[in-house]
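1. Generate coordinates for the sequence data below:
(one chain, ligands or ions: 1)
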Amino acid sequence: MYEKSIELLNKAAADELSAVHQYMYFHFHCDDQGFDLLAGLFRKTAIEEMMHVEKLAERILFLKGDVNMKLAEESKQV
Ligand SMILES: [Fe+2]
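-> Below you'll find the predicted structure:
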């Protein structure tokens, strides 16, 4: 009944998961190079993106769908 909504929510979750990965990547590298303030900002932003994934997942489950935890690039290949 809500298949299209669940599909779109999963696409949004995939984009958010990709954002988490990207922000964490930059967090690691900035931290490694001593850019502590910037590293902290990337980490904080990654956590915010994770909260977005959580909200999307809650909505998907509310609609009785399953949460696809693939990244945006992976989900395009399906
Ligand atoms: Fe987001």
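
2. so who does the residue nearest to Asn68 when sequence neighbours are not counted touch?
-> Counting by CB to CB, 6 or more residues apart in numbering, Asn10 is the residue found nearest to Asn68 once chain neighbours are left out, at 4.4 Å. All C-beta atoms are positioned from the backbone trio N, CA, C, and that covers glycine. Residues in contact with Asn10 (CB atoms under 8 Å, 6 or more residues apart in numbering) are Leu56, Ile60, Gly65, Val67, Asn68, Ser75.

3. Would you mind putting those residues into JSON lines with neighbour count, pLDDT and secondary structure alongside?
-> Converted to JSON lines, the contacts of Asn10 look like this (neighbours: other CB atoms under 10 Å; pLDDT from 0 to 100; DSSP: H, G, I helix; E, B strand; the rest coil):
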{"residue": "Leu56", "neighbour count": "21", "pLDDT": "98", "secondary structure": "helix"}
{"residue": "Ile60", "neighbour count": "22", "pLDDT": "98", "secondary structure": "helix"}
{"residue": "Gly65", "neighbour count": "17", "pLDDT": "97", "secondary structure": "coil"}
{"residue": "Val67", "neighbour count": "16", "pLDDT": "96", "secondary structure": "coil"}
{"residue": "Asn68", "neighbour count": "19", "pLDDT": "94", "secondary structure": "coil"}
{"residue": "Ser75", "neighbour count": "18", "pLDDT": "67", "secondary structure": "helix"}
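
4. List just the nearest of those residues to the ion.
-> Leu56 (9.0 Å; CB to the ion).

5. Quick check: that closest one vs Glu73, distance?
-> Relative to Glu73, Leu56 is positioned 17 Å away (CB to CB, to the nearest Å).

6. And Lys4, by the same measure?
-> Lys4 is 22 Å from Glu73, by CB to CB.
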